[in-house]
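Colleague: compute the structure for the input listed below.
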Amino acid sequence: NTPIIQEGSFYKSGPRELAKTRQLLNKMTDGSSVMIANRDDSGHIALTVGAWEKMKSSGGFGVGFVAGSIAGASMFFVQTGMFFRNSRIRSSRFRMLLDSTTLQHVPGDVSADIGDRIEHYTDGISIPPEGETLFRNSGKYVYAYYNRDEHKLMLIGF
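Modeller: As a prediction, the model looks like this:
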């Protein structure tokens with residue numbers, strides 16, 4: 001449903017579309033593979049398939065820990081509640097919709113996931129690297145972050 005997108009680079013800012021599937025497959029075998037399934041607003045299963053790697057400032061690559069929904073190169077999300085931003089993460093991924101009963105591919109647009117919504121909400125807000133978390137409460141996501149400009153702890157429900 002979506003193209004294969006790569007985000008995070010020392011050399012180029014912003015996301016870019018990968019032209020070949022083998023580019024993602026190479027990243028999945030060289031880095032850390034991620035596959036996340038969750039229900040979207042329409043009841044379909046939104047499947048995210050991708051890879052990530054932690055970039056060292058020296059230009060080499062290392063491997064860290066991640067699981068959950070990759071929402072961009074600057075953050076990763078762990079379904080159990082961990083949420084962390086790091087501008088030194090490079091990620092590549094695509095998303096697709098599946099029928100929840102038959103698991104067959106469903107054409108159409110994939111709705112924004114929680115990571116995309118948080119990324120949009122926090123655009124332009126100064127947040128320290130370890131000053132945020134994400135958790136579920138009563139079936140809803142709660143995003144908590146320290147707003148450095150206002151010197152406040154903020155709790156936002158999604």
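
Colleague: name the element the nearest residue in space to residue 16 that is not next to it in sequence belongs to?
Modeller: Distances taken as C-beta to C-beta, 6 or more residues apart in numbering place residue 6 nearest to residue 16, at 5.5 Å, with adjacent residues excluded. In short, each C-beta sits where N, CA and C put it, glycine included. Per DSSP states H and E, residue 6 falls inside strand 5-7.

Colleague: and the average pLDDT for that strand is what?
Modeller: For strand 5-7, mean pLDDT rounds to 86.

Colleague: and for stretch 100-112?
Modeller: Averaging pLDDT along stretch 100-112 gives 91.

Colleague: straight-line length of that stretch, end to end?
Modeller: End-to-end span of stretch 100-112 (C-alpha to C-alpha, to the nearest Å): 18 Å.

Colleague: repeat that for stretch 102-116.
Modeller: Note: stretch 102-116 ends 27 Å apart using C-alpha to C-alpha.

Colleague: where exactly do the strands run in the chain?
Modeller: 5-7, 16-17, 32-39, 45-55, 61-62, 75-77, 83-85, 89-98, 105-106, 132-137, 140-147, 152-157 (DSSP state E).

Colleague: using a markdown table, lay out these together with mean neighbour count and distance to residue 116.
Modeller: Below are the strands of the chain laid out as a markdown table (neighbours: other C-beta atoms under 10 Å; distance: least, C-beta to C-beta, whole Å):
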| stretch | mean neighbour count | distance to residue 116 |
| --- | --- | --- |
| strand 5-7 | 20 | 12 |
| strand 16-17 | 12 | 17 |
| strand 32-39 | 15 | 13 |
| strand 45-55 | 20 | 11 |
| strand 61-62 | 12 | 25 |
| strand 75-77 | 24 | 10 |
| strand 83-85 | 20 | 13 |
| strand 89-98 | 21 | 10 |
| strand 105-106 | 15 | 19 |
| strand 132-137 | 16 | 13 |
| strand 140-147 | 16 | 12 |
| strand 152-157 | 11 | 14 |
